[in-house]
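Undergrad: need a 3D model of the following:
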Amino acid sequence: MGLIPESVIDEVLTRADIESVVGRYVQLKRSGSNLWGLCPFHSEKTPSFSVHPGKSIYHCFGCGKGGNAINFIMEIEHLSYPEAIRHLAGIYGVDIPETGYSGESIQKEEKNRVKDILKEAAKFYYKSFNDPQIGVPAREYAAKRGLSKQTLDNFGIGYSPMARSALYDLLKQKGYKDEELLKSGIFAVSPKNNKPYDLFRGRLMFPIFDTFGTIIAFGGRALGDEKPKYINSPDSLVYNKQNHLYAMNFARKEQSKQLIVVEGYMDAIAMHAAGFRNTVAALGTSFTDSQLKLCSRFAEEVVFFFDADNAGQKAALRAVKMMMEYLRKLTGINIRIRIAKVPDGKDPDEYIRTNGADKFKEVVKNALYVEDYLLERAKNDNTDPETGILDRGRYQEDICLYGSWMNDDIKRSRMAGIAAPLLGASPDAVISQMQKYSMIEDKKQQLATSRALERERREDMSRRNSAQDFETDPDMPEPPPEQNEETSPDEQPAFKKVNDTATKEEIDLFAYALSLGTALAKSEKIEKTDIIRPDDFSGDTLRELVRIFLNIYDGKNEKIFARMNDYFTRLTINGLPAESVMLKAVENADRSANVLIKTDMYLMLLFKVRSSVLSREEERLMDMRASAGPEEKKKIDQAIRKLIEYKDSLRKRIGEL
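TA: So this is what the prediction gives:
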């Protein structure tokens, strides 16, 4: 976790109670000891999203997402783990001290410096725009585009003077270094003298905000016919254009179930000014799956406006294909997608200025659902404009391809039914061809996904294996190294398979330890040697989880399950998500409110599990003894006697419970 102390994380989880954190985004109703609501991560009509105040976690039984308050903020606000902690710390008044200079703290400091630079730049551009002499060209352009003073101020519109280094000189005077300025993305390096200069010059400036309203980048529009028309900030320490949408910081506040997506800054601004404040804009790139996921956080429907020119219509098809593939891959996202078309090939800004906001409402209302848009595109693109004759061959290819993108059988069937008469074929034949196209695409996607999962699995296994530190008895004979029967020792694979198996008793034992919480250290019946340890468990997953548990547990932490949930989400037990397995087991353990009964159950399970471990070890030693020499047999016999004595003591303690 870098420089954020564990005690601070505990304090954040203690103050940021899960009910209030989730309650900011989800309307919850109590049922028994838990709270229920509609999941914010996937579309549903019946609540399957559960909040457990006692454990300080949430879990959706529909899409499977779950975790503690930090995980929730990470997921819903697209933040990293440290960022989510700092976000909650700010809300709930927890101070986060900086205790040193690790790589993470250095990057955090760099990001803060970049944000400060961008904030200073925004002030400079705004001041330049309003300067009586310097800002004249920008103000004249804004007036020509019908931008009011209120709109200009609301979006922080500015102007970058023509001077080559006006902003650079100002920031240097404020103490910023060249390397910091270059990391901001608003400066470039001259090949002649290797010195930085202002990237934006003589342009109308649009600050780009993240969803919280922090400036992370800029877009600059030429005031004349010079090319390129727009220059946008490159990706930087604080900005990745694929993960953001222009004006989302304003649109999210509308809490509308619909988002309108346009291509340009000016379109978005004009629509906000006309009352369509649920509008966002892509940021100089093709619409991405990350941006679609961002939309799904705040709306149930997205209406897209693409430019009417050839480039805009090609972009529309690429975006539709991407979104259909993404939605088919992630069934947890259920968002309606519609494509709008502005009459006469105008852009939204121009149409609103010419026809007014009420007329534009009709344009939005008449937006086509994806399947209708694709039907129209397939027909129009393959019909000769002069003769009106449809090219059946090309139409068949297009409509079958478009139909294969649909993950809804009803929509696909409807498309086939409309296309069939134009092709002189039956709807079943068209559907069959669509399904063939779909199978080809599915195989491509499955191959890409399996490769990605294999890379992730290998990386995860590598991390786990490098972190393993199994506890062993120094007097116990070492087992022989495992080898693959088909390969020599020198040919062994780089990664060993992670064993996630666990018996029911092992799962229940760990669940009771979690359920006991602070009582695990306070009970007079539980001795120090009765605390679970990694080598009580047979599988790698539970060993790792117990090792983490012992590192976190101090006998005082009331949020132990919430802290452990971070690790549950990364692992599996018996092939199932560890989070679901342990949540179910802990809920079962929690049914007993009597701490004494719960303690007895814990000890009973502990002694049984340890007896099983001892029996397995006894069998292993007996196998080793069969081929051991005289001296080695003496050591093994001594070890076996120790095991038998320990097993007898466990049986005795079980009888005392």
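Undergrad: show me the contacts for residue 403.
TA: Residues in contact with residue 403 (Cβ atoms under 8 Å, 6 or more residues apart in numbering) are 374, 412, 415-416, 419, 430-431, 434, 437-438. C-beta coordinates here come from the backbone N, C-alpha and C atoms, glycine included.
Undergrad: quick check: which element contains it?
TA: helix 392-405 (DSSP states H and E).
Undergrad: ok, then the element right after that helix?
TA: According to DSSP H and E, the helix or strand after helix 392-405 is helix 409-423.
Undergrad: flag every buried residue along that next one.
TA: By neighbour count on 16 or more other Cβ atoms under 10 Å, the buried set for helix 409-423 is 411-416, 418-420, 422-423.
Undergrad: OK, contacts around the closest residue to residue 418 other than its chain neighbours?
TA: Among residues not flanking residue 418 along the chain, residue 375 sits closest, at 5.8 Å (Cβ to Cβ, 6 or more residues apart in numbering). By Cβ under 8 Å, 6+ apart, the residues touching residue 375 are 399, 402, 415, 418-419.
Undergrad: and the residues you listed, which two are furthest apart?
TA: Using Cβ to Cβ, the two most remote members of these are 402 and 418, lying 11.6 Å apart.
Undergrad: which residues of the stretch 301-450 of the chain score low on pLDDT?
TA: 329-334, 442-450 (pLDDT under 70).
Undergrad: that one: strands as residue ranges?
TA: Using DSSP state E, counting those that start in this stretch, the strands of the stretch 301-450 of the chain run over 301-305, 336-340, 368-369.
Undergrad: just these: most buried one?
TA: Of the strands of the stretch 301-450 of the chain, the one with the most neighbours on average (mean count of other Cβ atoms under 10 Å) is strand 301-305, at a mean of 22.
Undergrad: can you report how many residues lie near residue 388?
TA: Residues lying near residue 388 (other Cβ atoms under 10 Å) number 7.
Undergrad: would you mind measuring from it to residue 641?
TA: 97 Å (Cβ to Cβ, to the nearest Å).
Undergrad: residue ranges in this structure under the pLDDT threshold?
TA: In the chain (pLDDT under 70), the answer is 1-3, 97-107, 284-285, 329-334, 442-498, 554-559, 593, 657.
Undergrad: mind giving me the domain ranges of it?
TA: 6-92, 105-239, 240-366, 392-444, 504-656 (automatic domain parsing).
Undergrad: TSV for these, including distance to residue 379?
TA: As requested, the domains of the chain are arranged in TSV below (distance: least, Cβ to Cβ, whole Å):
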stretch	distance to residue 379
domain 6-92	31
domain 105-239	33
domain 240-366	14
domain 392-444	7
domain 504-656	46
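Undergrad: so where do the strands sit in the stretch 51-200 of the chain?
TA: Counting by DSSP E, counting those that start in this stretch, the strands of the stretch 51-200 of the chain are 57-60, 66-67, 158-160, 187-189, 196-198.
Undergrad: columns mean neighbour count and distance to residue 282 on top of those, output as JSON lines?
TA: Formatted as JSON lines, the strands of the stretch 51-200 of the chain follow (neighbours: other Cβ atoms under 10 Å; distance: least, Cβ to Cβ, whole Å):
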{"stretch": "strand 57-60", "mean neighbour count": "24", "distance to residue 282": "29"}
{"stretch": "strand 66-67", "mean neighbour count": "22", "distance to residue 282": "30"}
{"stretch": "strand 158-160", "mean neighbour count": "27", "distance to residue 282": "21"}
{"stretch": "strand 187-189", "mean neighbour count": "16", "distance to residue 282": "24"}
{"stretch": "strand 196-198", "mean neighbour count": "20", "distance to residue 282": "25"}
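Undergrad: which residues in the stretch 501-650 of the chain form helices?
TA: Applying DSSP state H, counting those that start in this stretch to the stretch 501-650 of the chain gives helices spanning 504-516, 519-522, 540-552, 560-568, 578-589, 595-626, 630-656.
Undergrad: make CSV from those and add distance to residue 49 and mean neighbour count to it.
TA: Below are the helices of the stretch 501-650 of the chain laid out as CSV (distance: least, Cβ to Cβ, whole Å; neighbours: other Cβ atoms under 10 Å):
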stretch, distance to residue 49, mean neighbour count
helix 504-516, 22, 22
helix 519-522, 30, 16
helix 540-552, 25, 20
helix 560-568, 15, 22
helix 578-589, 14, 20
helix 595-626, 28, 17
helix 630-656, 41, 13
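Undergrad: quick one, what contacts residue 599?
TA: Here residue 599 is in contact with 516, 519, 523, 525-526 (Cβ under 8 Å, 6+ apart).
Undergrad: show me which pair in those is furthest apart.
TA: 516 and 525 (11.0 Å).
Undergrad: may I see the strands of the stretch 51-200 of the chain arranged in TSV, with distance to residue 584 as well?
TA: As requested, the strands of the stretch 51-200 of the chain are arranged in TSV below (distance: least, Cβ to Cβ, whole Å):
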stretch	distance to residue 584
strand 57-60	10
strand 66-67	12
strand 158-160	55
strand 187-189	55
strand 196-198	58
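Undergrad: for those, which one sits closest to residue 325?
TA: Of all the strands of the stretch 51-200 of the chain, strand 57-60 comes closest under Cβ to Cβ, at 23.6 Å.
Undergrad: the closest one - contacts with which helices or strands?
TA: helix 18-23, strand 49-52, strand 66-67, helix 560-568, helix 578-589 (3 or more Cβ pairs under 8 Å, 6 or more residues apart in numbering; DSSP states H and E).
Undergrad: could you redo the last one with a cut-off of 6 Å?
TA: Where contact means 3 or more Cβ pairs under 6 Å, 6 or more residues apart in numbering; DSSP states H and E, strand 57-60 is packed against strand 49-52.
Undergrad: residues in contact with the strand it packs on?
TA: For strand 49-52, the external contacting residues (Cβ atoms under 6 Å, 6 or more residues apart in numbering) are 18, 22, 34-37, 39, 58-60.
Undergrad: this completes my enquiry, with thanks.
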